[in-house]
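K.L.:
generate a structure from the sequence data that follows.
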Amino acid sequence: EDGSSGLTVTADSMRFNRRTNSVDADRNVKTTYVSSSANPNGAMLGGAAPIHVTSERATANTAGKARFSDDARLWQNESIIEAGVIDFDRNTRTVVATAGPSRRVQVNFTQTDQTGKSIPVVVTAGKLNYVDAQRKTTFTDAVRAVSSEVTMTARQMDVLLSKGQRA
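P.N.:
Numbering: from 1, shown residues only. So this is what the prediction gives:
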């Protein structure tokens with residue numbers, strides 16, 4: 001636990017490298033990032049609520065960058081990203097997620113229709129790039145978006161979130 005940065009990590013095994021200020025964690029990795037403030041211009045990761053990540057392996061450094069691999073899952077409130085590998089930069093609130101051997105990237109969004117009803121949308125792809133400050137998610141590699149009303153497929157798909165909108 002690092003109280004000064006708001007980071008807590010648990011795992012079956014952890015190795016700390018004081019020379020590089022990094023940690024490698026293996027098996028049953030559970031990480032929580034606590035932020036003291038929300039990003040008012042952000043969307044999917046813009047809230048002040050803790051960001052949680054689980055995976056089988058992780059490497060993190062004191063610069064706020066981490067790589068989670070083997071069935072990685074990152075979430076904040078109802079925003080969820082699942083992938084084989086998730087690279088997360090806590091300071092810039094960016095995520096790059098890539099498919100693994102047994103898992104494609106999956107994100108669950110909620111879209112509001114004209115009557116105000118929330119419609120779940122599930123997007124799967126080979127890769128995701130998300131930049132919270134731009135509120136933009138770019139999916140690539142055999143993208144498939146499915147809702148109760150429509151199914152779309154594409155090589156690339158950009159999803160723009162409204163300010164404060166969550167996945």
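K.L.:
can you pull out the helices in the protein?
P.N.:
Using DSSP state H, the chain contains no helices.
K.L.:
where does it dip in pLDDT?
P.N.:
Counting by pLDDT under 70, the chain contains low-confidence residues at 4, 36-43, 45-47, 163-167.
K.L.:
can you tell me how far the residue with the largest distance to the centre of it is from Phe109?
P.N.:
The centre of the chain is farthest from one residue, Thr115, which by CA atoms, centre = their mean lies 29.3 Å away. To Phe109, Thr115 is 18 Å away according to CB to CB, to the nearest Å. Any C-beta I mention is one placed from the backbone N, CA and C, and that applies to glycine too.
K.L.:
what do you get for Leu160?
P.N.:
Distance, Leu160 to Phe109, using CB to CB: 11 Å.
K.L.:
the two: who's more crowded?
P.N.:
Phe109 (21 against 11; other CB atoms under 10 Å).
K.L.:
bridging residues for the closest residue to that one other than its chain neighbours?
P.N.:
Closest residue in space to Phe109, ignoring its immediate chain neighbours: Val121 at 4.4 Å, by CB to CB, 6 or more residues apart in numbering. With DSSP bridges as the criterion, Val121 is bridged to Phe109, Ser147.
K.L.:
these two touch, right, Val121 and Glu149?
P.N.:
No: using CB atoms under 8 Å, Val121 is not in contact with Glu149, being 9.3 Å away.
K.L.:
more neighbours, those two?
P.N.:
Higher neighbour count among Val121 and Glu149: Val121, with 19 against 9, using other CB under 10 Å.
K.L.:
who touches that one in this structure?
P.N.:
Contacts here follow CB atoms under 8 Å, 6 or more residues apart in numbering; on that basis Val121 touches Asn108, Phe109, Thr110, Gln111, Ala145, Val146, Ser147.
K.L.:
just put these in TSV and tack on distance to Lys65.
P.N.:
Output for these, formatted as TSV (distance: CB to CB, whole Å):
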residue	distance to Lys65
Asn108	25
Phe109	25
Thr110	29
Gln111	31
Ala145	29
Val146	32
Ser147	33
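K.L.:
among those, which one sits closest to Tyr33?
P.N.:
The shortest approach to Tyr33 among these belongs to Asn108, at 20.2 Å (CB to CB).
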